[in-house]
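S.K.: sequence and predicted model, in that order:
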Amino acid sequence: MPGPLALPDHIRAFIGAPGRFATLATLDPDGAPRQVVVWYRLETDGTLMINSANGRRWPANLRGDGRVAMAIADPGDGYRWVGLDAEVVEIVDDQAVAQADIADLARRYHPDDPARVAASVDRFRTQQRVTFRIRPRSFHDHLTP
């Protein structure tokens, strides 16, 4: 299996910036598209990590068909965004790993609110979680200098 697409530095910087959410598109079993807004983390190897509670439709979709499209917008300027065509390369059902991943995401998205992070982590502990590692296959960007 080939490694992740080598994203240019300006795309990695944009995707890796704090405060951005990804809109994730998956395919329902009947082929209909489904979208959801998710937390994510850009990994050092160029993959993206996302996490969900089991039982939701979109994680089930990713288990059945690992193709995914993502759009990541600049929260301050919706005209600046990056689109990714990607595929799931790993599904992590190990609860210790999945719980650690969602706790890391909570800290990433609420770095200045430890009480909110703690409350989120407590809530997540009551859920069966799953982590997906996603490898970009292509990208297009709408980032103007």
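M.R.: It's in. Numbers count the residues shown, from 1 in each chain.

S.K.: would you agree residue 68 is in contact with residue 89?
M.R.: No: the pair residue 68 and residue 89 fails to qualify as a contact (CB atoms under 8 Å) at a distance of 10.9 Å. (Glycine included, C-beta is placed from N, CA and C.)

S.K.: neighbours around the residue nearest to residue 56 when sequence neighbours are not counted, how many?
M.R.: Using CB to CB, 6 or more residues apart in numbering and skipping the chain neighbours, the partner closest in space to residue 56 is residue 36 (8.0 Å). Number of residues near residue 36 (other CB atoms under 10 Å) recorded here: 16.

S.K.: what residues are up against residue 36?
M.R.: 23-24, 26, 56, 58 (CB atoms under 8 Å, 6 or more residues apart in numbering).

S.K.: and the gap between it and residue 21?
M.R.: 10 Å (CB to CB, to the nearest Å).

S.K.: need the residues that contact the helix or strand of the chain with the lowest mean pLDDT.
M.R.: For the chain, the helix or strand with the lowest mean confidence is helix 114-124, at a mean of 80 (criterion: mean pLDDT, DSSP states H and E). Residues from elsewhere that reach helix 114-124, judged by CB under 8 Å, 6+ apart: 53, 99, 102-103, 106-107, 110.

S.K.: and that helix, how far out from the chain's middle?
M.R.: 19 Å (CA atoms, centre = their mean, to the nearest Å).

S.K.: any idea of the mean pLDDT for the longest helix along the chain?
M.R.: Identified as the longest helix of the chain according to DSSP state H is helix 95-109. Helix 95-109 comes out with an average pLDDT of 94.

S.K.: now do the helices in this structure.
M.R.: Along the chain, the segments classed as helices by DSSP H run 9-16, 57-64, 95-109, 114-124.
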